[in-house]
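Pasting the sequence and the predicted model now:
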Amino acid sequence: MRVLYCLVAAWVSVSAAILLTHLLAGERIESAAIEVAPKVIDLGVVYVGDRAAKCIVEVRNVGTYDLVIEPTSSCGCVVLDGKAHVLRPRERVRISLEVAVPEAAQRIHRSIQLNYRAIPRSEIRRLLDVDIIGDVRP
């Protein structure tokens, strides 16, 4: 076990040294990353018979690759704008969605998934969830 610990510690040290060398040389570290706001959509209290709740999620490309963002939902009760979005670094997109209000009093917990992949490095794939919560009352 001690040998394994030493090997892992050595690997971490070497990886950190390589990264630091690239950063000090002014090289750009390639990455695929997004920021999402809000990460949780709280509908608060909605009532049986209400129309669908409309929401907006803003997605920003904070990485260095162009990204394809493909939103999907956890169920048919969350309707998205239904299209993929291509974002260049530092670009933003607003994704609209509607959440159908259930016909019975209950706690809502739904989610949308933001699948994203880098262009041209499509092997870099990520998934980010945005939760939707709320209370349905009679």
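Alright, I've got the coordinates.

And the strands in the chain?
Secondary structure of the chain (DSSP state E): strands located at 34-37, 40-47, 53-61, 66-73, 78-80, 85-87, 92-99, 106-119, 125-137.

Break this structure down into its domains, please.
Under the assignment automatic domain parsing, the domains of the chain span 1-30, 31-137.

Okay, now the unreliable bits of the protein?
1-30, 123-124 (pLDDT under 70).

quick revisit: just put the strands of the chain in a markdown table and tack on mean neighbour count.
Every C-beta, even on glycine, is put in place using the N, C-alpha and C of the backbone. Formatted as a markdown table, the strands of the chain follow (neighbours: other C-beta atoms under 10 Å):
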| stretch | mean neighbour count |
| --- | --- |
| strand 34-37 | 14 |
| strand 40-47 | 13 |
| strand 53-61 | 17 |
| strand 66-73 | 18 |
| strand 78-80 | 17 |
| strand 85-87 | 17 |
| strand 92-99 | 16 |
| strand 106-119 | 16 |
| strand 125-137 | 16 |
